[in-house]
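Student: Just need the structure, nothing else, for what follows:
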Amino acid sequence: MSSSFLLGYEHGDCYTVCLLADVGLIAAPVLELSSGTLVSFTAVDETPSGRFWRAEAILPPGPAAQMVTYRITLGAVPLADRAGRFKWSFHLPAAGESARLAYAACTGFSSQAVAAATADPYALWRKLAAEHAAAPFALLRMGGDQLYADAVLGLPGVREWTEKSHAAMLACKPSAQLIARLDCFYDELYRERWSQPDTALMLASIPSVIMWDDHDIVDGWGSHDDVPQNTPLYRAISRTAANRSLLDSAQLTLGPHEGHFALGFDFADFRSSSWTTAPGARSPG
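Tutor: Numbers count the residues shown, from 1 in each chain. The predicted structure follows:
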């Protein structure tokens, strides 16, 4: 069974591993750490392509830096990613260490045609992997525009809507079938982009904090006029994008319970001068 894995940093000493597996996987997988710690995954949600699982591990920094190796098992069988890898490692800084942080944004392509026309579309992910191998990063901050979901406007039912008058746009209520089509679109987009071998390796090897921006919803979200911004269909697009984004960003306790999509985190436990804050301002409306 091949799956997609995402290593995240949540808060304090809390790290997460997220897993998208076939919907037929009912029994909870187990996260096995090189320290001997075992953590059962919890089923979080279902997407059109599978079941989304999440595990949390508390990893306080010690007197020396560590390379934490982990794998995910189902019974006695280790699960592999789409590249056939069965285990991964990440850098856990020592207490007081000057931890290295990487930053990434605008990592996607506006269309598959643009990606196909690019000679080496994932070269920067391999460069990140090479730098990480030479001197490991403790955290990957992803600042938005990871996916470029602009093609959502070309979906059947959405494309025709874009050609309507403003009055007709406001009056149009998206059908259940169209909502399902949106759900499939965003799910497939995440699966396709995150499963690229170079990307997948880094997302499983560097704890990440992921924010979103307009292209993760649709180009220009938040800056449009009242039409289309406040139409029922645009709100449906943003809600669908938000639901899928929250799964991958792992910020499942902040947004739904607090009623907003602001994001703040600190990475201060490793050294006081490395404190960082990152606000996220996109709201699904």
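Student: for the stretch 1-150 of the chain, which spans come out with low pLDDT?
Tutor: Confidence mapping of the stretch 1-150 of the chain against pLDDT under 70 gives the ranges 1-3.
Student: Buried ones in the helix or strand where Ala200 lies, by neighbour count?
Tutor: Secondary structure from DSSP states H and E places Ala200 in helix 197-203. By 16 or more other Cβ atoms under 10 Å, the buried positions in helix 197-203 come out as Asp198, Thr199, Ala200, Leu201, Met202, Leu203. All C-beta spots, glycine's among them, are computed from the backbone N, C-alpha and C.
Student: Show me which of those is closest to Phe185.
Tutor: Thr199 (19.2 Å; Cβ to Cβ).
Student: Make sure the closest one is actually in contact with Tyr122.
Tutor: Yes: with contacts counted by Cβ atoms under 8 Å, Thr199 reaches Tyr122, the gap being 6.4 Å.
Student: mind listing the strands for this structure?
Tutor: In the chain, the strands defined using DSSP state E lie at 2-11, 14-21, 30-33, 38-40, 42-47, 50-58, 66-74, 77-78, 80-81, 88-92, 101-104, 139-142, 208-210.
Student: now the angle from the first one to strand 50-58?
Tutor: Direction vectors for strand 2-11 and strand 50-58, defined by axes from the mean of the first three to the mean of the last three Cα atoms, to 10 degrees, enclose an angle of 40 degrees.
Student: Burial check on the nearest residue to Ile72 once chain neighbours are set aside, number of neighbours?
Tutor: Distances taken as Cβ to Cβ, 6 or more residues apart in numbering put Leu79 closest to Ile72, at 4.7 Å, once the chain neighbours are dropped. Leu79: 19 surrounding residues under other Cβ atoms under 10 Å.
Student: Could you do Asp150 as well?
Tutor: Per other Cβ under 10 Å, the neighbour tally for Asp150 reads 17.
Student: That one contacts Ser110, correct?
Tutor: Yes: between Asp150 and Ser110 there is a contact under Cβ under 8 Å: 5.6 Å.
Student: Right, I'll call it a day here.
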